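J.: okay, structure incoming, though there's no sequence with it:
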């Protein structure tokens, strides 16, 4: 099911279910993880089959292989 | 030519090009103007180069007692002879040891020992020379290296075995390389790279030298520091401090190979990433880059990594979306900066993985993501 965003446009989930985050037709995140998710994109939570059905229904594309190789990376000013 | 005895000449400055004298152990050449020996020097003795002029040896010499340069230039080869060599150990008490060899990737063996500031020169830019198989005994001295680029930009590579370390290396012109397959004979010494000159690596050496970069992209445009390998698995690591000289802009580059700088980048100069590969620099709690010049990514990827808590977050993104994954949950107010050089991106949406209850604010103007 799609998690509704709050008034600031953020959707949250801290369950251990499969989590699918997508933006337009692009998959941002798709994994079964105990990690929390906070996102301004669309957050879908369910079983693996349910997530994959959503991916198929919407024709979502996984572009995660693009990684972070276009000149950017993190620098934490902690 | 076999020198058996003294052949000292009368000194007449306008006509005498050299004086040769002999001892049991050495034949001494005192050179006042350029002189070439094209016949083989053989015998159980060494030769000594004295005087301000240039002595050029173009034969495949077989003398066995070593070579000493006290002053002036001892030039090996004249660009047309592939096999000219000095034999055994070469001791530089000053002066200049020059190579002008016509075979590409010509390998020169034999140890080189410095006992004073000296110069090694590579002439003939059409040919690469590899100083290998021998030991470089630096003795804490200063070595100046000049690579002539008039006819080409091929480098002088030091691939031999490490003996005692040099104290200082000045790359005055052209490209100087050090491969990871040898004992890294240039290790430990501080290396000053003149504007337009270059230090290059191949394979995966760990370079522990401190560097001062004085600007430019090297003689071939590939960078003042350049890893020339196109093998992705080749990953040279620079562990020393890299100082960017004030008012200069120095390029650092690589091809498809990786390149890491784990030492501190400091100084008041600027820095440009060139080449298609990934260059990673690291800041830790004890080593934090603090150079104050600008940063430009003209090609490839520049990664600046600084661990957060005990780990480093990872980021992935598309043109409009940004996703950051944390293995240690960030606290509110922590700011992550995306090091982008001259590039700025605006992300329509942000996703945080492993940041329970947190949101984020991305500011494209200064490329920061602040956890809220």
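T.: The structure has been received and is ready for your questions. Nothing here was measured: the structure is a model prediction, and the numbers come from that model.

J.: now for residue A:41: which residues touch it?
T.: Residue A:41 makes contact with A:11, A:21, A:22, A:23, A:28, B:321, B:349, B:351 under the criterion Cβ atoms under 8 Å, 6 or more residues apart in numbering or on different chains. Placement of C-beta: from N, CA and C, glycine included.

J.: any stretches of the chain with poor pLDDT?
T.: Chain wasn't specified; assuming chain A. A:63-78 (pLDDT under 70).

J.: switch to chain B, that's the one I care about
T.: Confidence mapping of chain B against pLDDT under 70 gives the ranges B:1-19, B:82-83, B:87, B:133, B:180-182, B:282-288, B:303-313, B:337-345, B:365-367.

J.: so which residues on the stretch 151-300 of chain B come close to chain A?
T.: Counting by Cβ under 8 Å from any Cβ of the partner chain, the stretch 151-300 of chain B comes close to chain A at B:278, B:280, B:283, B:297, B:300.

J.: want to throw the residues you listed into CSV with neighbour count and secondary structure?
T.: Converted to CSV, these look like this (neighbours: other Cβ atoms under 10 Å in any protein chain shown; DSSP: H, G, I helix; E, B strand; the rest coil):
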residue, neighbour count, secondary structure
B:278, 22, strand
B:280, 17, strand
B:283, 19, coil
B:297, 20, strand
B:300, 20, coil
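
J.: farthest-separated two in the residues you listed?
T.: B:283 and B:300 (19.5 Å; Cβ to Cβ).

J.: which stretches of chain A form helices?
T.: Ranges of helices within chain A are A:48-58, based on DSSP state H.

J.: most centrally placed residue in it?
T.: The centre of chain A sits closest to residue A:21, judged by Cα atoms, centre = their mean, with a distance of 2.0 Å.

J.: what's the answer for chain B, then?
T.: residue B:199 (2.4 Å).

J.: and the gap between that residue and chain A?
T.: Relative to chain A, residue B:199 is positioned 24 Å away (Cβ to the nearest Cβ, to the nearest Å).

J.: you'd agree that residue is up against residue B:225?
T.: Yes - the pair formed by residue B:199 and residue B:225 meets the contact definition of Cβ atoms under 8 Å, at 5.7 Å.

J.: quick check: neighbours shared by these two?
T.: With Cβ under 8 Å, 6+ apart, residue B:199 and residue B:225 have common neighbours B:193, B:211.

J.: the residue nearest to the centre of chain B in helix, strand or coil?
T.: strand (DSSP: H, G, I helix; E, B strand; the rest coil).

J.: check contacts around it.
T.: Listed by Cβ under 8 Å, 6+ apart, the contact set of residue B:199 reads B:171, B:175, B:176, B:177, B:178, B:191, B:193, B:211, B:224, B:225, B:226.

J.: ok, those vs residue B:260, which is closest?
T.: residue B:225 (11.5 Å).

J.: OK, contacts around that closest one?
T.: Residue B:225 neighbours (Cβ under 8 Å, 6+ apart): B:193, B:198, B:199, B:200, B:211, B:213, B:238, B:242, B:250, B:252, B:253.

J.: can you show me the strands along chain A?
T.: Secondary structure of chain A (DSSP state E): strands at A:2-3, A:11-13, A:18-23, A:26-32, A:37-39, A:42-46, A:61-62, A:74-77.

J.: show me the two of the contacts of residue A:41 that sit farthest apart.
T.: A:11 and B:321 (13.8 Å).

J.: looking at the two, which is more packed in?
T.: residue B:321 (24 against 20; other Cβ atoms under 10 Å in any protein chain shown).

J.: touching, that one and residue B:348? I think so.
T.: Yes - the criterion here is Cβ under 8 Å, and residue B:321 meets it with residue B:348 at 6.5 Å.

J.: next, show the common contact partners of these two.
T.: Residues touching both residue B:321 and residue B:348 (Cβ under 8 Å, 6+ apart): residue A:23.

J.: now the strands of chain A as a markdown table including distance to residue B:332?
T.: Putting the strands of chain A into a markdown table (distance: least, Cβ to Cβ, whole Å) gives the following:
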| stretch | distance to residue B:332 |
| --- | --- |
| strand A:2-3 | 22 |
| strand A:11-13 | 15 |
| strand A:18-23 | 22 |
| strand A:26-32 | 22 |
| strand A:37-39 | 12 |
| strand A:42-46 | 21 |
| strand A:61-62 | 31 |
| strand A:74-77 | 14 |
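
J.: picking that back up, between the contacts of residue B:225, which has the most around it?
T.: Most surrounded of the contacts of residue B:225: other Cβ under 10 Å gives residue B:198, at 31 neighbours.

J.: so what's that residue closest to, chain neighbours aside?
T.: Nearest residue to residue B:198, sequence neighbours excluded (Cβ to Cβ, 6 or more residues apart in numbering or on different chains): residue B:218, at 3.2 Å.

J.: in contact with the one you found, which residues?
T.: Residue B:218 sits in contact with B:153, B:175, B:196, B:197, B:198, B:200, B:224, B:226, B:251, where contact means Cβ under 8 Å, 6+ apart.

J.: for chain A, state which of these is nearest.
T.: In terms of Cβ to the nearest Cβ, no member of these lies closer to chain A than residue B:251, at 15.3 Å.

J.: what's that closest one sitting at in phi/psi?
T.: When read as degrees, to the nearest 10, the backbone of residue B:251 gives phi -100, psi 140.

J.: which ones are touching it?
T.: Residue B:251 sits in contact with B:216, B:217, B:218, B:221, B:222, B:223, B:224, B:271, B:272, B:273, B:274, B:298, where contact means Cβ under 8 Å, 6+ apart.

J.: show me what it is bridged to.
T.: Beta-bridge partners for residue B:251, by DSSP bridges, are residue B:272.

J.: my read is residue B:78 is in a helix, agree?
T.: No - counting by three-state DSSP, residue B:78 is not part of a helix but coil.

J.: which parts of the stretch 251-372 of chain B are strands?
T.: Counting by DSSP state E, counting those that start in this stretch, the stretch 251-372 of chain B has strands at residues B:259-261, B:265-267, B:270-274, B:278-282, B:295-297, B:301-305, B:314-317, B:321-325, B:335-338, B:349-353, B:360-363, B:368-371.

J.: residue A:7: how many residues sit nearby?
T.: For residue A:7, the neighbour count with other Cβ under 10 Å is 5.

J.: stretch B:239-258: end-to-end distance?
T.: One end of stretch B:239-258 to the other measures 15 Å (Cα to Cα, to the nearest Å).
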